[in-house]
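# kindly return the folded structure for what I paste below:
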Amino acid sequence: MIRILFLVALLALVIATATWFADHPGAVRIEWQGYQIRMTVSVLAALVGATCIIAALVYRLWWGLRRMPRLITVRRHEGRRRRGTRALTQGLLAAAAGDARETQRYADKAAALRANPALTLLLSAQAAQLCGDEEVAASFYSAMLDKPEMAFLGLRGLIGRALRAGREEEARALIEKAQDLHPKTPWVANALLNLQARAGKWEQAEETLKQARRLKAVPTATARKWLAIILLEQSRQAESSGQSIAALSLVERAWKQDS
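Modelled structure (predicted):
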């Protein structure tokens, strides 16, 4: 609306100016290098106006040509970014569907388009894992550790690989690092408790459970069951070392947790 009013006002100004020159005719004479040019004032005003318009158009053309390389570069980068994002999206969908071939294809495409580096690493790791190349997957997951926003996912990938290979000590060390990053994540607390329990590290498991309960990383009922198991195992250790009174006390505590 404001733009229309501006154009109407400008048109009215032009008409008023032309009418004024028509009502006040005059002559202009220009002498230069032996040449004489005669014209009316209205013609001179029209020439000046036309010259200004032509100069403005030439300036716009020059400015547009000057900016064209930058605009072409920006549009090329924007197009590449869109194609990279689309490749990442389609690749993650293919990974979720378990399609190894399509996941690898889109991972290669995302890497070629220099899409989001962190997500490209994740997609490449998933592609390698689906193709059964655990070593390549591990290299991608390890590379993710250098990116703060992807370190936790990288650790999770390495943890899964270590567990599948039966390397529980390695998995436990990685889970402890994951716990430092996100201590409130339930699967981290449960995985660490399971590994500590399988290794017979009941005192460490008790400390892990205390921290998980404090951070509410495990439900109350689950925490009570875990504590009962831990206390029972500690009572067995106490009994085997001849500490009958301590073993009985631990059994009573375990019974209260499980009752």
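# could you use CA atoms for every contact and neighbour count after this?
Will do.
# distance between stretch 203-220 and the chain's centre?
Offset of stretch 203-220 from its chain centre (C-alpha atoms, centre = their mean, to the nearest Å): 31 Å.
# pLDDT of it, averaged?
Stretch 203-220 shows an average pLDDT of 86 in the prediction.
# contacts for that stretch, please.
Contacts to stretch 203-220, defined as C-alpha atoms under 8 Å, 6 or more residues apart in numbering, come from residues 183-186, 189-190, 192-193, 196-197, 223, 226-227, 230.
# any chance of those in TSV, plus distance to G154 and secondary structure?
Shown next, in TSV, are those (distance: C-alpha to C-alpha, whole Å; DSSP: H, G, I helix; E, B strand; the rest coil):
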residue	distance to G154	secondary structure
P183	16	coil
K184	18	coil
T185	15	coil
P186	17	helix
A189	17	helix
N190	18	helix
L192	17	helix
L193	21	helix
Q196	22	helix
A197	24	helix
A223	28	helix
W226	28	helix
L227	30	helix
I230	30	helix
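# for these, which one is nearest L122?
T185 (19.8 Å; C-alpha to C-alpha).
# just give the closest residue to the closest one, not the sequence neighbours.
Closest residue to T185 apart from its sequence neighbours, by C-alpha to C-alpha, 6 or more residues apart in numbering: A217 at 5.9 Å.
# that's a helix at that neighbour, yeah?
No: using DSSP: H, G, I helix; E, B strand; the rest coil, the assignment for A217 is coil, not a helix.
# distance of it from A197?
18 Å (C-alpha to C-alpha, to the nearest Å).
# cool, R114 as well?
Look at R114 and A197: by C-alpha to C-alpha, they are 44 Å apart.
# one more: E149?
Taking C-alpha to C-alpha as the measure, E149 falls 31 Å from A197.
# with Q179 instead?
Going from Q179 to A197 by C-alpha to C-alpha gives 17 Å.
# what of A137?
From A137 across to A197, the span is 28 Å (C-alpha to C-alpha).
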